[in-house]
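*Asks:* Take a look and give me a structure for this.
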Amino acid sequence: MIGGKQVDLVLGLSMTSADVRWVLVEGSTAEGATICRDAVDADTLDDVITAVGENRLHAIGVTWATEAETVASTLLDALAARGLGNVITVSEQEAAEALATGIADRGGYGELAVCIVDPDDALVAFVDADGVTTDRVDPTVDDVTAVLAGSDGRPEAIFVLGSADDIDGFASSIDGVAAPVITAADADVALARGTALASAQAVNILETRQARWRLPSRIGALTSVVASAVVVFVVSLSAALGLSLTPDTDSTVAQRDTVATTDQPARVPAAPSVAQAVPRTVPVAPPPEPVALPPEAVVAETIVEAAAPAPQAAPQVEPPAYVPPAPAPNYVPPAPPPQPRLRDRIIEHIPIIGRFHQPNPNG
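*Replies:* This is a model prediction of the structure:
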């Protein structure tokens, strides 16, 4: 318990081929103060769980390098064996983007570059008005510098974080860039912190069943690391991640002169990017099914149906009177030819007479 109260905590774990780094953050959105942090072996997970105490573990984010897949599998099995839920696997790119967008928003940067250099590889995240993009390169000064120099944007600051050896020397070796280079004393847990941020938001979206979600104010707990002056310096990462700088905190100017203080007008933060932390390995317990309410009693209601009107009779149509066909005309035989006269018959039998005799048409 913290301050006598039970609070929500978010655990972020980042695994490389060298070790496991973790950070425990206050708040259900991982925006609060860092409760504790360390680097442990996968076999000493109980030490991490003990740090939770009686508080509620709202989410557990886990990310790992390709070279640490075996260690990640062992750790995920250990979390499942302890009955811990809300375990979200987060890619290294997602963790880097969550951290970069948070620092950019809280620091008031329109454009920003965040380099996370670990033993296995390096991630360079660029934030601008259009969102955030991430490049993966070899963890060398030359490769990181080439990505920074080849960017189309003009970052106002470059953060160099990560668990690589001599991260301060790495940052000091970056040359050929106009923006100030900033590193942090506890930069080794930067990727674990980004994992906590992304996993907390993933759990929140699963619980609220929203189709879209955003990082609240790009991680509202991230405090500004540059107030009124742009300086190339070393700060405590806890200051950039939500804790105020104390008089005991070391701040060192690294190999560059301080830029003159300039008052900058207030700016509207760029639209927050959408986090993309998606459960991949350990499924999240589904939300409880809604309790079905008993159906309301239905009162039977008698409905008197009106009698249907009798169908109207079809109009009677008188058929037309039958008219028999006209009878066929009576057959009238043709008149018989007239009987030949006797004289004519005699003449027919005496042909010679016919030559000289012309019949009298009058008889």
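*Asks:* got the residue ranges for the strands in the stretch 1-150 of the chain?
*Replies:* 8-15, 20-26, 34-40, 56-64, 87-89, 112-117, 122-128, 131-137 (DSSP state E, counting those that start in this stretch).
*Asks:* for the fifth one, packing partners?
*Replies:* Contacts defined by 3 or more C-beta pairs under 8 Å, 6 or more residues apart in numbering; DSSP states H and E place strand 87-89 against strand 56-64, helix 69-81, helix 190-208. C-beta: built from backbone N, CA, C; applies to glycine.
*Asks:* try 10 Å this time
*Replies:* strand 8-15, strand 56-64, helix 69-81, helix 190-208 (3 or more C-beta pairs under 10 Å, 6 or more residues apart in numbering; DSSP states H and E).
*Asks:* Which among those is found nearest to residue 27?
*Replies:* Residue 27 sits nearest to strand 8-15 of all those, at 6.2 Å, using C-beta to C-beta.
*Asks:* What's the mean pLDDT across that closest one?
*Replies:* Mean pLDDT, strand 8-15: 91.
*Asks:* and it, what does it pack onto?
*Replies:* On a contact count with 3+ C-beta pairs under 10 Å, 6+ apart, strand 8-15 meets strand 20-26, strand 34-40, helix 45-52, strand 56-64, helix 69-81, strand 87-89, helix 92-107, helix 190-208.
*Asks:* So which bits of the third one are buried?
*Replies:* Taking 16 or more other C-beta atoms under 10 Å as the neighbour-count basis, helix 45-52 is seen to contain the buried residues 45, 48, 51, 52.
*Asks:* got any ranges where the stretch 101-250 of the chain has weak pLDDT?
*Replies:* 185, 209-250 (pLDDT under 70).
*Asks:* rewinding a little: redo the strands of the stretch 1-150 of the chain as TSV? Include mean neighbour count and distance to residue 146.
*Replies:* Listed next are the strands of the stretch 1-150 of the chain as TSV, based on neighbours: other C-beta atoms under 10 Å; distance: least, C-beta to C-beta, whole Å:
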stretch	mean neighbour count	distance to residue 146
strand 8-15	28	25
strand 20-26	25	27
strand 34-40	17	29
strand 56-64	25	25
strand 87-89	24	30
strand 112-117	28	12
strand 122-128	24	10
strand 131-137	17	8
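*Asks:* Residue 206: which of these is closest?
*Replies:* In this view, the strands of the stretch 1-150 of the chain are compared for proximity to residue 206 by C-beta to C-beta, and strand 87-89 is the closest at 8.8 Å.
*Asks:* In its sheet, which strands sit next to that closest one, and in what direction?
*Replies:* Using DSSP bridges, the strands paired with strand 87-89 are strand 56-64 (parallel).
*Asks:* Got the confidence number for residue 345?
*Replies:* Listed pLDDT for residue 345 reads 63.
*Asks:* typo on my end, it should be residue 21
*Replies:* Confidence at residue 21, expressed as pLDDT, is 89.
*Asks:* which residues touch it?
*Replies:* By C-beta atoms under 10 Å, 6 or more residues apart in numbering, the contact set of residue 21 is 12-15, 37-40, 118, 163, 188-193, 195.
*Asks:* any idea how far residue 152 is from the closest residue to residue 148 other than its chain neighbours?
*Replies:* The shortest distance from residue 148 to any non-neighbouring residue, by C-beta to C-beta, 6 or more residues apart in numbering, is to residue 177 (5.2 Å). Distance, residue 177 to residue 152, by C-beta to C-beta, to the nearest Å: 14 Å.
*Asks:* Can you pick out the residue with more neighbours from the two?
*Replies:* Neighbour tally, residue 177 and residue 152, criterion other C-beta atoms under 10 Å: the higher count belongs to residue 177, 15 against 6.
*Asks:* So that one is in contact with residue 158, correct?
*Replies:* Yes - distance between residue 177 and residue 158: 6.3 Å, which falls inside the contact criterion (C-beta atoms under 10 Å).
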